[in-house]
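Enquirer: Output the structure for:
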Amino acid sequence: MRVVRVFQDEDVRYGLADESSVTLISDEPFAAWEPEGVVSLPQAQLLAPVVPTKVVCAGINYREHAREMGHAIPDEPVIFLKPPTSVIGHGAEIRIPPGLESVDYEAELAVVLGRRTHRASPAEVSAHVLGYLCANDVTSRVLQRKDGQWTRAKGFDTFCPLGPWVETDIDPLDVRIQSLVNGEVRQDARTSDMIFNPFELVSFVSHVMTLLPGDVVLTGTPAGIGAVVAGDVVEVRIEGIGSLINRVV
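Expert: Just a heads-up that it's a prediction; the model follows:
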């Protein structure tokens with residue numbers, strides 16, 4: 001099942017998408033809902049599929065990326081937050097802040113929570129997950145190095161593209177994840193290269209903070225990160241989900 005959020009008839013609605021259409025639903029996907037009409041998927045204006053209270057991210061969670069960055073393999077997840085105001089959807093523009101010439105793309109698998117989750121074990125996490133989507137952890141590498149921490153470098157408006165929908169029916173433990181810039185593959189890995197798998201990550205986060213329905217956990221990026229400039233088009237492609245595409249301006 002693909003959960004979408006669309007702008008339709010001057011209103012924001014949740015829906016369930018197939019290859020050609022969206023069935024609008026009466027409430028959020030976390031609640032009881034009824035079907036309320038059908039619209040064409042190609043004509044639907046897709047928004048970020050969820051509105052999280054927080055986006056929790058994992059740093060250095062692929063073995064090859066750790067080597068690429070010169071970091072040791074961590075013995076527990078390294079987490080940080082992106083603000084909800086950084087979230088945009090498929091087709092929206094990534095905006096380079098004034099004073100910067102470029103930003104970095106980071107393709108990631110994201111987990112969307114469907115239930116309140118507090119101190120869950122890894123074995124319990126799957127029952128709390130609504131589904132999975134593509135994410136781009138956009139980063140100013142210049143500010144990351146300057147500040148020595150990650151809040152400003154990763155927290156600007158538009159720095160967290162999510163989409164194109166929430167896919168409820170994939171096994172996240174071994175799927176292909178890629179990033180493409182202007183059609184050229186830049187990252188190409190499998191989620192099986194993660195140091196901490198998605199269930200372990202969500203469990204770890206839930207022992208730090210309570211996760212609410214619609215909250216998002218980004219699971220880290222593989223090797224191959226790099227810079228993009230205004231005019232570039234970034235695509236995050238994940239097997240079993242689809243493609244999240246955003247232009248840089």
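Enquirer: And residue 223, how close does it get to residue 42?
Expert: Per C-beta to C-beta, to the nearest Å, residue 223 is found 35 Å from residue 42. C-beta here means a position set from N, CA and C on the backbone, and glycine is covered the same way.
Enquirer: More neighbours: which of these two?
Expert: Comparing residue 223 with residue 42 by other C-beta atoms under 10 Å, the one with more neighbours is residue 223, at 17 against 8.
Enquirer: what about stretch 23-32, how long is it end to end?
Expert: Stretch 23-32 has an end-to-end distance of 15 Å (C-alpha to C-alpha, to the nearest Å).
Enquirer: ugh, typo on my part, it should be stretch 96-114
Expert: For stretch 96-114, the end-to-end distance is 32 Å (C-alpha to C-alpha).
Enquirer: Would you mark the buried spots in that stretch?
Expert: Of the residues in stretch 96-114, those buried under the neighbour-count criterion (16 or more other C-beta atoms under 10 Å) are 96, 103-114.
Enquirer: Counting residues, name the longest helix you see in the chain.
Expert: The longest helix of the chain (DSSP state H) is helix 198-206.
Enquirer: Convert that one to PDB, retaining C-alpha atoms only.
Expert: Below are the C-alpha coordinates for helix 198-206, written out as PDB (Å, rounded to 0.1, in the frame of the first residue of the first chain):
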ATOM      1  CA  PRO A 198      16.200   0.000  10.700                       C
ATOM      2  CA  PHE A 199      14.500  -1.900  13.500                       C
ATOM      3  CA  GLU A 200      17.600  -1.500  15.800                       C
ATOM      4  CA  LEU A 201      17.700   2.200  15.000                       C
ATOM      5  CA  VAL A 202      14.100   2.800  15.800                       C
ATOM      6  CA  SER A 203      14.400   0.800  19.000                       C
ATOM      7  CA  PHE A 204      17.500   2.800  20.000                       C
ATOM      8  CA  VAL A 205      15.700   6.100  19.300                       C
ATOM      9  CA  SER A 206      12.600   5.100  21.200                       C
END
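Enquirer: which helices and strands does that helix pack with?
Expert: Taking 3 or more C-beta pairs under 8 Å, 6 or more residues apart in numbering; DSSP states H and E as the contact definition, the neighbouring helices and strands of helix 198-206 are strand 107-113, helix 122-125, strand 216-218.
Enquirer: Make a markdown table from these and add mean pLDDT and distance to residue 178 to it.
Expert: Supplementary listing: the helices and strands packed on helix 198-206 in a markdown table, determined by pLDDT from 0 to 100; distance: least, C-beta to C-beta, whole Å:
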| stretch | mean pLDDT | distance to residue 178 |
| --- | --- | --- |
| strand 107-113 | 98 | 7 |
| helix 122-125 | 98 | 25 |
| strand 216-218 | 98 | 16 |
